[in-house]
Structures are given as structure tokens and as C-alpha cells.
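Engineer: Below is the sequence, then the predicted model.
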Amino acid sequence: MSTNPVKFYQVGSFAVGNRLLSAEDRSIQSDPNRTNALTSGHRACQGCGEALGARYALDAAMRASGEKIIAVNATGCLEVFSTPYPESSWRIPWLHSLFGNAPAVATGVAAALKAQGRTDIRVVGQGGDGATVDIGFGALSGMFERNDDVLYICYDNEAYMNTGVQRSGATPPAARTATTQAVGENPGNVFGQGKNLPRIAMAHEIPYVATATVADLRDLEAKVTKAMSFRGARYIHVLVPCPLGWGSQSCDTIKIARLATQSGLFPVFEAEHGEVVASTPIRKRESVEEYLKLQVRYSHLFAPTRRDDVIDHLQAMADKNIARYNLMSTDNGGN
Amino acid sequence: MFQVRIHGRGGQGVVTAAELLAQAAFDESRYAQAFPSFGSERTGAPVVAFARIADTEIRVREPIMSPDAVIIQDSTLLKQVDVFSGLKKDGFALINSTRTFEQLGIAEIAGNNPRFITVPATAMAMQYLGRPVPNAVLLGAFAALTKSISLHSVTDAINEKFKPKVAASNVAAATAAYEYVLEMVAAHA
Amino acid sequence: MLRQVEGSKAVADTVAACRPQVICAYPISPQTHIVEGLSQLVKNSTLQGCEFINVESEFAAMSVAIGASATGARTYTATASQGLLYMVEAVYNASGLGLPIVMTVANRAIGAPINIWNDHSDSMSQRDSGWIQLYAETNQEAADLHVQAFKIAEELSLPVMVCMDGFILTHAYERVDVPDQDQVDRYLPPFTPRQVLDPTDPLSIGAMVGPEAFTEVKYMSHIKNLQALDVIAHAGDDFTSIFNRDSGGLLRGYKLAGAETVVIALGSVLGTIKDVVDEMRADGLPIGVLGIIAFRPFPFELLRQMLSGAKRVIVLEKAFQLGIGGIVIENVRTSLRGTEIKDFNLIAGLGGRPITKTSLRNYLDKAHYDNVADLTFLDLDQQLADHEIAREAGNYNVH
């Protein structure tokens, strides 16, 4: 009789301390002795996707490395809300240098550890989409090109949030930001721009590239853990909704992230050395409209006049992702 | 202080020549300073290198305005660059050429001056090295002409700077040039 | 060991002897031979326990250095001119974070217009960055200052810039007693960082400091820079006791005894100046030289003491402030405030224009009798300039 491993999806994502699982399979968040790398007291907004994602990612990295990581952080929300001098909510060694150099600084940390014969200590570089996709892009590419032993995590909330919601190279088309206003014939960010960092990372053929969201935190943990099993340059791109910048309810952060994946707008996949090796199938397909209507940054697509042309264009993008990553199939090598 | 200015084109080993001269002086326990006229890397462009040799510390950093000797590694420069600019009245000029002063158009300045000589350095380089790089040859000639450095020091410097096989052929070439010039100088006298 | 060697090579070999653990650099003329030399020493295992990172820009170079130094590695990089400017954000970051990085600046002019030759505009533009700035007079001193730089940097937890004239020193082939490994080991202990990234004792480096504390942080940096003067002076003295030669320190006088006129300058031009001064002394003129080795922090007190007998100073500089005049001279004037000592400014060597003994002598012969303008540009083609000014004037409606 053949068996099919069954995943308790519902329980796996909403109940971290599932006693039906063995200790090693449980989320580290269920362990009262976890590092809690980003501990309470930080100044993030209510419902901040980035704070949630960062805590899960770094605690997973701590577990995977035997509690030995050094984090390098770019300037941005995460850095600002976590270290208001004289306080710091980091319980791990943590370095913030500049906006555009986190990947290079992480390279430096890794080089020092190698020279000192301490490669048991692992390096995690992290930053928002602005720091990663725009101003830090050169440094990131350099780090990838050299295959430096760094895991870089991008928390993508699709704009420069900390400075007041300005457009970045990761801002999706049609989204309103302070520098792509919802006015004129083509309100919001224009189509035909933007960088797909996961695919650019893949083009560097680094050992591991993955995307994830805060809708499936166990998946994020698993990917960080898997990334830590590799040496060399690794990249994880995490979608983290921002209630303030997206104009959404702080209680909807996880729901919106799920709609992003279920609509196909944000494909969830893994790649190794430039080839996709697994993707997470869409469980219950949603139209992009379900995703868009929860966010004020897209409200101009619905009122005063409904912009079906734009909504259709966004739907087409989602459809393309679904086709490209085979997201409607259950035979994807992934979950 | 003895000041030498070396003219040539990028790729002809002009800078190496200046460095060899400096190394030779160092081997004689003297002070030496060698430096190129700096510029972006470009083969074929006119380049100048300088070498100062003295018995005390050399402090000055200006380009050599009044050389005691000039070495011209590429005679096509005679029409392009004022290679003799500032050359002292009793200065030496060593020109890599098989042609006469008349043919080179410098009969007036070189004429009867025993301190101006031509050496077929490229031909000698081809003979001994199989490559048209005349710098070491000219240094052997220079040693004989100016007597400001010994051939022994020049060959020592060559051996220090190049790998054994290349060094050996350059030493042979330099020595041959040295003897060639000694004969020329004796004939003039 | 005494060698006839290219300045860049002497520096590379000396830096290697300092046992750096991370070297990260991006090539730019005229620093290239230094990093090429170090890259080879790492690759052929002459220099061990060192990671050499080929970075993708100068901004990356200083950033990698920041990460490495914060992790407790002795770290080195080198740059010049445009490269220095490209990394400026990180330059300030390094000093603000108190990281003892040592960097060679192979002095080169800043564009536009693009110019690859020597002057001091690059390092001078960073005089307020919080880095210690030392200027080498010769390739011997350039090599020696790097050894002292690591010691100074690590004692103070401040980064140090060793400035050496691009091409004039970097590409000059001259006699250098390149420090031996055992001499360097006796002088320079292993790096023990004041604070370091370590999982066994986590700390957060690089917090955001608001108005309530920023002034105090900056004031403490100010105090540290004042304390640096002593550290630099001692580093030079300690160096002399182990290496048996005078190298480094704050200032160096030459024939100051009885000098009515003193020429003040930084870097390699001091050699040419000394030759001219010797000739003038032979002609009976009471003239001397004061070389500035430590420009930042600036040794105000010591300079004032050493110039106590002078009637006038000529400050020769290879950089200046557009529309104003020299940079160094302003520090000199602050130092001499309250004295009767006159000062004259000579801007020379911009963009690599050679500073010749003839031109210097002509100028100094007049300057010694106060017969020069307050501000002079040495060997300026005044006729060409006047022509251009007149031509430009035709473009404006000036009534």
C-alpha cells in the first residue's frame, strides 16, 4: 500500500507548538528557550510584516547554525525601529553600516571569520527592498558574483517605507506611492518597470534562491534552514505587507500575503544554481482583485472609476507567473 | 648626480631600462631614483623615463630638465619629441639606429661630438634575444659610453630582474653592445 | 631589508608584514601596483591567514572593510581620487563606528576634468571625516607609516589614511629599507578590538542616535582626535627605537635654526624644497623647511613652537578651496594667531604639474623679501588665463 505524506496545513501555519510533531519538526517559536533574535520593545507599526518575518527568519537561522550568526542590516525600517539608541531589540551580534552596503559589509564579516578560522559562525545580511533592489544592488551583485558565504534576506514591502512610502525598484505596477501618485491617465506606478530580484539572483547561479511570505511562516523557516545548509551566496526574498504603506488593516497582514501567493502575483519557489527546483502550488486560486481591494494603495483602480484595463493587466501578470512556475499543478517538487 | 633621460615608445621597455639602471647603481652601493613620465597605459605612445644616480640621498622629485645623458630607444621620436631638450653641453646621447646622423637629421647637433653615438640595438636584440626589445642592449652601450656605471653592475641588475634564460640572453646582448661601443669610442679617440 | 624597489611594492610588502587578515580593494590609477602586489602575496601564500577580496567598487571596498574590522580582523584597503570620493559615505561611517581600518590614499587630483596625476585634492577633501591623515615624504616613510598606522589605529580605535603622492612616490623606483617581519612583529602586537561582533557576547553596532545624544557622541570623537596627537608622536618614537630611523611623527623641521623664512609643505615635494633651501642657504639666505606628516589631527601647538623664530611662512599646497585659497594655510594661520609671523600661500603641482627647482627658487627669492602676492599659483600660464577671462567676459553683459 503506498502512502502519501499528509501535511496538516491548517495546524502547521496557525499553531506553532503542534504536539503531534516531534520537537525538531516544530517551529523554533514553540521553544521557550529560543533566541528571540528580535525581541519585544522594538518600535515597529502594529501589523508590520517585516518585524514578523525577520524574527522568524533569524530565529530559524540561529537554530540552524547552533546559535552562531552575525547579522548585518541595511538602513531601513527594520534597522530604525529595532535600535533607537540607547535601546536595541537585537539579541544577536548585529551591525548596521549604511543604506547601500549591507551585502558588502556582510562579505567583510564573512571574510574576517574565514581569516580567523571561525567559519562555524554564519553571516546573515538583511535589508528592505530599497536597500536590496536599488541602492545596494551593485553590492549585492558583487557578493553573488564572488559567491561569498552570506545568506541575504530581502524583506520586500515594495517601497521606501521608512522615509514615507516612496517608490522603489520593487514597487509593483499601478501601486500608489508618494512618488507615483494616483493621478493622471496612468495613476500609480507605471507598467514595464521594476526588477525581479529572485530571477536576477538566479541569473548569478548562486547555490540557493527562494521566495517566501509571512503568510506561510513555517515555509519561511524551512527555507532559511535549508539555506543554512548551503555554503556560498544565498538569497531569500520575503514578501512582507506594510499596513501603513499599503493602506491595509494591521490585522490583514498575513491574509494579504496569502492572497498575493494565491492569486499568483507573488510566486513562491526555490532555485539552486540558477534552476527552479520546487514551487509551492496555489491551493485555492484567487483573482488579483481580491488582493487589490484590501489595499488603499490600489483604491484608485476601483473608485471613482473602475479601471478594468489595469486590473486585467495585473491579472495577466499573475497568470504569467502561474504558467511560468506551474503553480496550478500539485506535482511541483515542493509542498 | 648623474641624470639620464630615456625616450622610447610604450611597450619598448623604457621604464624597465630606467629601473635596471637604478638597480645597477644600487648594486654599486649608490643611491638611485627611477621613474616614468606617468600616463595611462598605451602601447606605441611616446614615453619618457628618468633615472638619477648619486652618491648621497636623492631628495629632488622634479622631472629631469638637464640630463647628463639621453638614451633614445626609438629613433622615430627624433622628429616628434625634443629628445635633446636641456641636454648638458658635454652630455651624452645614445641613439638606437643603424642610420647616420645626416640620415637622422641631427648632423648639426651630433656632428663631430664624440659623446653622440648610434648603436644598432634593435638588430643586436634580434640577434641575441630574438625579440626587438633594445633596452638591455642600450644599457650595455650606455655603460661603455658614459662610464657612469660598470657593465658588471648592469649585468647583475639584469640577472636580478629577469628569469634565468631571458637574463642570460640579455646579458649577452648588453655585453656585446658594451664591447661594440668601446671599440667605437677607441676609434674616435 | 635594503632594496631598490618601486614605492608601491615597498608598501605592499610592508603591509603584508603587518599581518592583515582582510584586504579588499578596487583598482584605480595610481594605486594599482599596491593591490596587485598584495594580491600576489596572498595568492602565492607568502601572506597567510589573509582573505583578499576583489570588490566591485570602492564603496564596496570600504564597506567590506567595515564588516571585517567590526568582526575583529586587521583590515586594509587602498584607493585614490575618484575612488575615495565614491566611498565617502562609508569613509565617514568607518570613523563614526570607531573601526581601525588602514587605507593608503595614492594622492591624485579629483575631476572634472578627469586627471590621473598627483595632487592632494582627494585626501584634503576628507580632512573632516574623522580619519587620521599622515603624509609620506619618501617611499621609505610611506612604507614605515603603514606600520605605524596599524598601531595608531588600533590603539585609538580610529581609522588611518596614509597618503603618498600618486606616481611621484607610488611609481618611483628607489632605495627603501623594507621592514622585516620580525621587526614589524616586535613593533605591532596582534589586533585586540575594543568591541567586536561575537555570538558569545552579542552587541548591536550602528544604532540610530537622536538629538539627545548626538552632540555628546561627536564631542567624544573630538576629544579622541585631540588625544591622537600624542599617540601619533609616540608611535613615531617607538618606531625609531625598533627600526633605528626617524620616520613618522607629527612634524619634521629642516634647517629651522635661524630661519627667517620657513617653507611648509606635505609629501614628496619636501625633497625638492630641501634641495632648493640648501642652495639658498649656501647663498646666505636664512631659510628652512617644516614638513607636516600628521595633517589630521593638526598639531597646532607643536607647529607654533617650531616656528617661534620665523618671520614668515610660505605654505606650499597641492590643493585649494575654490574662490578662497589654500587649505593647510588656514590651519597654519590658526596655529600662528597672535604672532607677528607673515604668511604667503603658494598653490603648486595641481593635476601633476611638476614643481621644479627653478620655479621654486624664483618664487622663494622674492618671497623671502615679502615680494610676492598673498596667493600665488606656481607656473600658472597667466597669459592664457587672462585670454580666457577676457573671452568669457565677452559672454556676459557686464555694465
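Structural biologist: Thanks, I have it. Model, not experiment: these values are computed from the prediction.
Engineer: contacts and neighbour counts: CA atoms only from here.
Structural biologist: Will do.
Engineer: how about stretch A:43-58: buried residues?
Structural biologist: By neighbour count on 16 or more other CA atoms under 10 Å in any protein chain shown, the buried set for stretch A:43-58 is A:44, A:47-58.
Engineer: got JSON lines for these, with pLDDT, distance to B:A186 and secondary structure too?
Structural biologist: JSON lines is the format used below for these (pLDDT from 0 to 100; distance: CA to CA, whole Å; DSSP: H, G, I helix; E, B strand; the rest coil):
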{"residue": "A:A44", "pLDDT": "96", "distance to B:A186": "92", "secondary structure": "coil"}
{"residue": "A:G47", "pLDDT": "97", "distance to B:A186": "97", "secondary structure": "coil"}
{"residue": "A:C48", "pLDDT": "97", "distance to B:A186": "93", "secondary structure": "coil"}
{"residue": "A:G49", "pLDDT": "97", "distance to B:A186": "92", "secondary structure": "helix"}
{"residue": "A:E50", "pLDDT": "98", "distance to B:A186": "89", "secondary structure": "helix"}
{"residue": "A:A51", "pLDDT": "98", "distance to B:A186": "90", "secondary structure": "helix"}
{"residue": "A:L52", "pLDDT": "97", "distance to B:A186": "92", "secondary structure": "helix"}
{"residue": "A:G53", "pLDDT": "98", "distance to B:A186": "89", "secondary structure": "helix"}
{"residue": "A:A54", "pLDDT": "98", "distance to B:A186": "87", "secondary structure": "helix"}
{"residue": "A:R55", "pLDDT": "97", "distance to B:A186": "89", "secondary structure": "helix"}
{"residue": "A:Y56", "pLDDT": "97", "distance to B:A186": "90", "secondary structure": "helix"}
{"residue": "A:A57", "pLDDT": "98", "distance to B:A186": "86", "secondary structure": "helix"}
{"residue": "A:L58", "pLDDT": "98", "distance to B:A186": "85", "secondary structure": "helix"}
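Engineer: nearest to A:A112, of those?
Structural biologist: Taking CA to CA as the measure, A:A112 sits nearest to A:L58 out of the buried residues of stretch A:43-58, at 21.0 Å.
Engineer: check contacts around the closest residue to that closest one other than its chain neighbours.
Structural biologist: In space, not counting the residues next to it along the chain, A:L58 is nearest to A:A37; the distance is 6.1 Å by CA to CA, 6 or more residues apart in numbering or on different chains. Residues in contact with A:A37, defined by CA atoms under 8 Å, 6 or more residues apart in numbering or on different chains, are A:R55, A:L58, A:D59, A:S89, A:W90, A:R91, A:I92.
Engineer: which stretches of the chain form helices?
Structural biologist: All of this refers to chain A. Counting by DSSP state H, the segments of chain A that form helices are A:9-14, A:49-64, A:77-82, A:102-115, A:129, A:137-146, A:197-203, A:217-228, A:243-246, A:253-262, A:288-292, A:308-325.
Engineer: my bad, chain C
Structural biologist: Remark: helices assigned in chain C by DSSP H are C:7-17, C:32-43, C:58-70, C:81-86, C:88-96, C:121-125, C:139-156, C:181-187, C:211-243, C:269-282, C:300-306, C:328-335, C:357-367, C:382-393.
Engineer: what residue ranges in the stretch 1-150 of chain A score low on pLDDT?
Structural biologist: A:1, A:4-18 (pLDDT under 70).
Engineer: Might you enumerate the residues of it proximal to chain C?
Structural biologist: By the rule CA under 8 Å from any CA of the partner chain, the part of the stretch 1-150 of chain A lying against chain C is A:67-70, A:79-80, A:83-86, A:88, A:90-98, A:101-102, A:104-116, A:121, A:138-139, A:142.
Engineer: Which of those residues are buried? Put it as a PyMOL command.
Structural biologist: Filtering the residues of the stretch 1-150 of chain A next to chain C down to the buried ones (16+ other CA under 10 Å) takes a single PyMOL command:
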select buried, chain A and resi 67+68+69+70+79+80+83+84+88+90+91+92+93+94+95+96+97+98+101+102+104+105+106+107+108+109+110+111+112+113+114+115+116+121+138+139+142
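Engineer: what's in contact with stretch B:178-185?
Structural biologist: For stretch B:178-185, the surrounding residues in contact (CA under 8 Å, 6+ apart) are B:P114, B:V119, B:G140, B:A141, B:F142, B:A143, B:A144, B:L145, B:L151.
Engineer: One more pass at 6 Å, please.
Structural biologist: Residues from elsewhere that reach stretch B:178-185, judged by CA atoms under 6 Å, 6 or more residues apart in numbering or on different chains: B:G140, B:A141, B:A144.
Engineer: As a check, name the ranges of all helices in chain B.
Structural biologist: Remark: helices of chain B, listed N- to C-terminal, are B:14-27, B:101-104, B:107-110, B:121-129, B:135-146, B:151-161, B:164-188; assignment by DSSP H.
Engineer: Check the offset of the second one from the chain's centre.
Structural biologist: The reference is to helix B:101-104. Counting by CA atoms, centre = their mean, to the nearest Å, helix B:101-104 is centred 19 Å from the centre of its parent chain.
Engineer: now the longest one
Structural biologist: On the basis of CA atoms, centre = their mean, the separation between the geometric centre of helix B:164-188 and that of its chain is 12 Å.
Engineer: near chain C, which residues of chain B?
Structural biologist: If contacts are counted using CA under 6 Å from any CA of the partner chain, the residues of chain B sitting beside chain C are B:A32, B:Q33, B:A34, B:F35, B:R59, B:V60, B:R61, B:E62.
Engineer: Try it again at 7 Å.
Structural biologist: Proximity of chain B to chain C, by CA under 7 Å from any CA of the partner chain, involves residues B:19, B:23, B:26, B:31-35, B:38, B:59-63.
Engineer: Pick out the most distant pair among those.
Structural biologist: Between any two of those, the greatest separation by CA to CA is 23.0 Å, found for B:F26 and B:F38.
Engineer: The two: which has the busier surroundings?
Structural biologist: Legend: neighbour count by other CA atoms under 10 Å in any protein chain shown for B:F26 and B:F38, higher for B:F26 (22 against 18).
Engineer: isn't that one right up against C:Q4?
Structural biologist: Yes: using CA atoms under 7 Å, B:F26 is in contact with C:Q4, at 6.4 Å.
Engineer: mind giving me the domain split of chain C?
Structural biologist: In the assignment given by automatic domain parsing, the structural domains of chain C cover C:2-243, C:251-384.
Engineer: and these, which is most packed in?
Structural biologist: Of all the domains of chain C, domain C:2-243 carries the top mean neighbour count, a mean of 22, counting by mean count of other CA atoms under 10 Å in any protein chain shown.
Engineer: ok, now how distant is C:R281 from C:L256?
Structural biologist: Here the criterion is CA to CA, to the nearest Å. By it, C:R281 lies 11 Å from C:L256.
Engineer: Equivalent analysis for B:T98, please.
Structural biologist: B:T98 sits at a distance of 55 Å from C:L256 (criterion: CA to CA).
Engineer: How about residue 48, nearest residue that isn't a chain neighbour?
Structural biologist: All of this refers to chain A. The shortest distance from A:C48 to any residue that is not its chain neighbour, by CA to CA, 6+ apart, is 5.7 Å, and that residue is A:C242.
Engineer: Wait, chain C was what I had in mind.
Structural biologist: Nearest residue to C:Q48 in three dimensions, chain neighbours excluded: C:V42, at 6.4 Å (CA to CA, 6+ apart).
Engineer: returning to what we had before: turn the helices of chain B into a markdown table, columns for mean pLDDT.
Structural biologist: Supplementary listing: the helices of chain B in a markdown table, determined by pLDDT from 0 to 100:
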| stretch | mean pLDDT |
| --- | --- |
| helix B:14-27 | 96 |
| helix B:101-104 | 94 |
| helix B:107-110 | 92 |
| helix B:121-129 | 95 |
| helix B:135-146 | 96 |
| helix B:151-161 | 97 |
| helix B:164-188 | 94 |
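Engineer: looking at these, which is closest to C:E317?
Structural biologist: Comparing those against C:E317 with CA to CA, the closest turns out to be helix B:14-27 (29.0 Å).
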